[in-house]
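J.: when you get a sec, could you give me coordinates for this:
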Amino acid sequence: MRIIGLAVIPTLASRLRLAAEAQTMMRAAALLLLLSALMTGCATAAPQALSPQLEEHQRLANALRPRVRVHGGWAPADNLGVVQAMSIWRGVGGLDIWLRGDIVGTQCGQYVVASLLALREQREADQRTMDQEAVKRLVSVGWTAQSAEAARASCPGASIGEGRR
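T.: Predicted coordinates for the structure are as follows:
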């Protein structure tokens with residue numbers, strides 16, 4: 001302790017300033033830690049199905065690739081489905097798959113989900129390569145090659161993909 005009263009005041013003020021700065025840094029570190037924990041949890045969580053009819057499609061999509069959400073009831077008339085980057089998860093690789101309403105809940109819908117995910121990874125693939133990749137993906141999650149081929153054959157005569165025939 002200093003004898004001169006005026007010298008004590010700057011020492012006390014500097015200690016208070018250092019304490020305030022340390023408290024601010026701790027708050028920022030805690031906020032950053034909380035934010036990173038939330039983002040990690042959201043980025044690794046599998047989205048839930050939006051309806052009971054989409055439950056199987058959602059399970060298949062998340063088994064084939066994480067962070068995919070399957071929607072039903074809408075796709076361009078000349079396509080069975082469309083895949084696009086998820087607007088919310090664009091930075092972490094999330095995808096939205098939109099299926100045409102008449103294939104939701106069918107084996108064809110399952111095949112289209114696998115096909116769209118294959119197409120997303122190999123955009124320049126031809127129809128035959130995409131079909132082979134879709135069958136491989138379905139087999140990798142427990143389907144037989146025959147059931148995958150049967151699912152493909154059950155699809156109506158429209159193209160599978162992002163506006164390609």
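J.: quick one: low-confidence ranges for the chain?
T.: Residues of the chain meeting the criterion pLDDT under 70: 1-13, 16, 18, 34-50, 88-92, 158-165.
J.: kindly state the domain boundaries assigned to it.
T.: 1-44, 52-153 (automatic domain parsing).
J.: quickly compare these and say which is most buried.
T.: Comparing those by mean neighbour count (mean count of other C-beta atoms under 10 Å), domain 52-153 ranks first with a mean of 18. (C-beta placed from N, C-alpha, C; glycine too.)
J.: so who does the residue lying closest to residue 140 once chain neighbours are set aside touch?
T.: Of all residues not flanking residue 140 in the chain, residue 64 sits nearest, at 7.7 Å (C-beta to C-beta, 6 or more residues apart in numbering). Contacts for residue 64 (C-beta atoms under 8 Å, 6 or more residues apart in numbering) come out as 113, 114, 117, 137, 140, 141.
J.: show me where the protein has its strands.
T.: All strands of the chain, identified by DSSP state E, fall at 68-72, 81-85, 95-99.
J.: out of those strands, which comes closest to residue 126?
T.: Residue 126 lies closest to strand 81-85 among these, at 17.3 Å (C-beta to C-beta).
J.: and the angle from that closest one to strand 95-99?
T.: For strand 81-85 against strand 95-99, the angle by axes from the mean of the first three to the mean of the last three C-alpha atoms, to 10 degrees is 160 degrees.
J.: neighbouring strands of strand 81-85 in the sheet, and parallel or not?
T.: strand 95-99 (antiparallel) (DSSP bridges).
J.: got the angle between the strand it pairs with and strand 68-72?
T.: Going by the same axes, to 10 degrees, strand 95-99 makes 20 degrees with strand 68-72.
J.: ok, and what's touching strand 95-99?
T.: Here strand 95-99 has contacts from 54, 57, 61, 65, 67-75, 80-87, 109, 112-113, 116-117, 120, using C-beta under 8 Å, 6+ apart.
J.: cool, and stretch 125-140?
T.: Stretch 125-140 is contacted by residues 64, 110-111, 114-115, 117-119, 121-122, 145, 147-149, 151-152, 160-161 when judged by C-beta under 8 Å, 6+ apart.
J.: may I have that stretch exported as PDB, CA atoms only?
T.: C-alpha atoms of stretch 125-140 as PDB (Å, rounded to 0.1, in the frame of the first residue of the first chain):
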ATOM      1  CA  ALA A 125     -23.000 -38.800 -65.100                       C
ATOM      2  CA  ASP A 126     -25.100 -40.300 -67.800                       C
ATOM      3  CA  GLN A 127     -28.400 -42.100 -67.100                       C
ATOM      4  CA  ARG A 128     -26.800 -45.600 -67.000                       C
ATOM      5  CA  THR A 129     -24.000 -44.500 -64.600                       C
ATOM      6  CA  MET A 130     -26.500 -42.800 -62.400                       C
ATOM      7  CA  ASP A 131     -28.800 -45.900 -62.300                       C
ATOM      8  CA  GLN A 132     -25.800 -48.100 -61.400                       C
ATOM      9  CA  GLU A 133     -24.700 -45.700 -58.600                       C
ATOM     10  CA  ALA A 134     -28.300 -45.600 -57.200                       C
ATOM     11  CA  VAL A 135     -28.400 -49.400 -57.100                       C
ATOM     12  CA  LYS A 136     -25.000 -49.500 -55.400                       C
ATOM     13  CA  ARG A 137     -26.200 -47.000 -52.800                       C
ATOM     14  CA  LEU A 138     -29.400 -48.900 -52.100                       C
ATOM     15  CA  VAL A 139     -27.400 -52.100 -51.700                       C
ATOM     16  CA  SER A 140     -25.000 -50.400 -49.300                       C
END
